Each structure stands twice: as structure tokens, then as C-alpha cells.
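S.K.: The sequence and its predicted three-dimensional model are supplied below.
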Amino acid sequence: MSKLYFIADLHLSADTVQEYRRFADWLPSLQSGDRLYILGDFLEVWVGDDDLDDPFARQLTALLHHTAARGVSLFLQHGNRDFLLGERFAQAAGLTLLPDPCYLPSEQLLLSHGDQLCLDDHDYQRFRAEVRQPQWQQAFLARPLSERKAFARQLREQSEAQKRSKPLPIMDVSDGAVQDWLTCWPDATLIHGHTHRPARHDYLTPTGQRQRWVLPDWHAERWGFLQWQHHQLQEHYTPRLTTP
């Protein structure tokens, strides 16, 4: 019986050698018929599909394409770091881009990167609204590749500085936003990444008990995935999940 796997926040780049090797070593454990869902921030940064000739991009897309050729179905949602991944990348990697959120009716699973749920981070939500506009993306992609990469480096530095100054609760998901989604999809279990706070949260809704699973990022000794089999989710996190 095929299995479903869910990962997020690998933040892969030419500099993340350990994380890339872990991912490459893990992929062969997936079998033909399995499905892998990558829920955003797969890459540390992506400034446009015209960067596919970059050596690391060629290496990564070849790895993914080989996995897809073995019969593993690959799906990817955009994150806040790689929202410019486009159809050229998807074709080179042999994967399918998904909307966010994305509901899987057969499994009653609701998938998201998770950044849309962080409504208390008003500065980020304003930035997100701007850069997700087609006009902004068209103008940005028209700039030289080197200029886009320099701009992305500047944004990362600003983001890290802002994280150090923001209270932690502001950068977490809003319970109100989660409740709204669970009302819209009343039979769903929510799975997301983005916050780097792996946990399982329980909610009591008008239609019954629901769960929100947060995926871990892949960094140093912390990594992991969720597996769906026999209508159940099972976490495979290192270190193991601690439920609040």
C-alpha cells in the first residue's frame, strides 16, 4: 500500500551540505506509488527559474527527477523563501506545484506552508501580500539575475535581524486563523511548516476533535517527516516530538 510523506523547511542551498546529503540519502526509502509533499521553503532562496543552470539547482532537480522516474509522485507548495519556483523548475524536477492551502479529500488532510496563518506578524503579512502580486513578481523577474540574488541576500539579513527583535508569539500561527480554516474544512487535519516548532496541537471544534501538526525544519541534528498510512499520521522526528 502506498504511503504519503510530508516534509517542510529544508532550506536547501549549495551551503547546506549536511541537509542535502540527508535528504538525498532519505529519498531512496520512498517506494513506487508513494507520494511526497514538500510544504514550502524547500530551498533557502529562489529568485527565478532562469537560475536552473546553477550547479546546485541542476544537482537538485536531477535528484528529484530520478525519484519521480522511480514512480514516486512529488508535490511542492511555495514557502516564504521559494515562492518564485515556477513551472520550469517543476518540469525539470518532475514535480507538481500545489496551491496553498491544498485539501486532500480522500485523506481529509489540509496542507499549507503555514505563513498565511501568522496573522499577528503584521509586517510580514504586508510584505507577503506585496511580493505575491503578479505585477511585483513580473517586475522583479525582469531584473538581472545577479541583482535579484543580491536583493535576496539583503532580505534574508533583514529577516534574521527582525526575528531577533520580535516576540516569539508574533511569529507563530494565530489560533483564530487556525480555527477559521478548520471551520472551512470541518473534517480536516491541518499539516504545515514555517514556524520550525514541531508539535501536535489538539482543537475542539463544533464538528469534533481536530489536530494541527507542525513539521520540523531540517537543520543540524533536527529533522523529520510525517507519514500517512492506513488512515493515520505517524511522526518520524529527530528529536522526537513533544506535544504541548
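M.R.: Now that the structure is in, tell me what you want to look at.
S.K.: so how far is Arg21 from the most centrally placed residue in the chain?
M.R.: Taking CA atoms, centre = their mean as the criterion, Gly40 is the residue nearest the geometric centre of the chain, at 1.9 Å. Distance, Gly40 to Arg21, by CB to CB, to the nearest Å: 21 Å. In this view, the C-beta of every residue, glycine as well, is placed from N, C-alpha and C.
S.K.: Same question for Gln137.
M.R.: 32 Å.
S.K.: out of these two, which sits in the busier spot?
M.R.: Gln137 (15 against 10; other CB atoms under 10 Å).
S.K.: In this structure that one contacts Gly86, no?
M.R.: No: here Gln137 does not reach Gly86: they are 9.4 Å apart, not a contact under CB atoms under 8 Å.
S.K.: Contacts for the helix or strand bottoming out on mean pLDDT in the chain, please.
M.R.: When the helices and strands of the chain are scored by mean pLDDT, DSSP states H and E, helix 145-165 comes last with a mean of 84. For helix 145-165, contacts defined as CB atoms under 8 Å, 6 or more residues apart in numbering pick out 44-45, 47-48, 50-51, 123, 140-141, 143, 171.
S.K.: ok, so of those residues, who is nearest Glu235?
M.R.: Met171 (22.3 Å; CB to CB).
S.K.: Spatially nearest residue to that closest one (excluding sequence neighbours)?
M.R.: Nearest non-adjacent residue to Met171, counting by CB to CB, 6 or more residues apart in numbering: Asp121, 5.7 Å away.
S.K.: Which phi and psi values does the one you found adopt?
M.R.: phi -90, psi 80 (degrees, to the nearest 10).
S.K.: now do Tyr203
M.R.: Dihedral angles (degrees, to the nearest 10) for Tyr203: phi -130, psi 140.
S.K.: Can you read off the pLDDT for it?
M.R.: Note for Tyr203: predicted pLDDT of 94.
S.K.: isn't it right up against Arg210?
M.R.: Yes: using CB under 8 Å, Tyr203 is in contact with Arg210, at 4.6 Å.
S.K.: before we move on, back to that, residues contacting the residue nearest to Met171?
M.R.: 166, 170-171.
S.K.: which parts of the least confident helix or strand of the chain are buried?
M.R.: 148, 152 (16 or more other CB atoms under 10 Å).
S.K.: Show me the strands in this structure, by range?
M.R.: Counting by DSSP state E, the segments of the chain that form strands are 4-7, 35-39, 73-77, 95-97, 102-104, 109-112, 189-192, 199-205, 208-214, 223-229, 232-238.
S.K.: got a list of what the residue at the greatest distance from the centre of the chain touches?
M.R.: Farthest-out residue of the chain from its mean C-alpha position, per CA atoms, centre = their mean: Pro206, at 28.8 Å. Applying CB under 8 Å, 6+ apart to Pro206 gives the contacts 183, 186.
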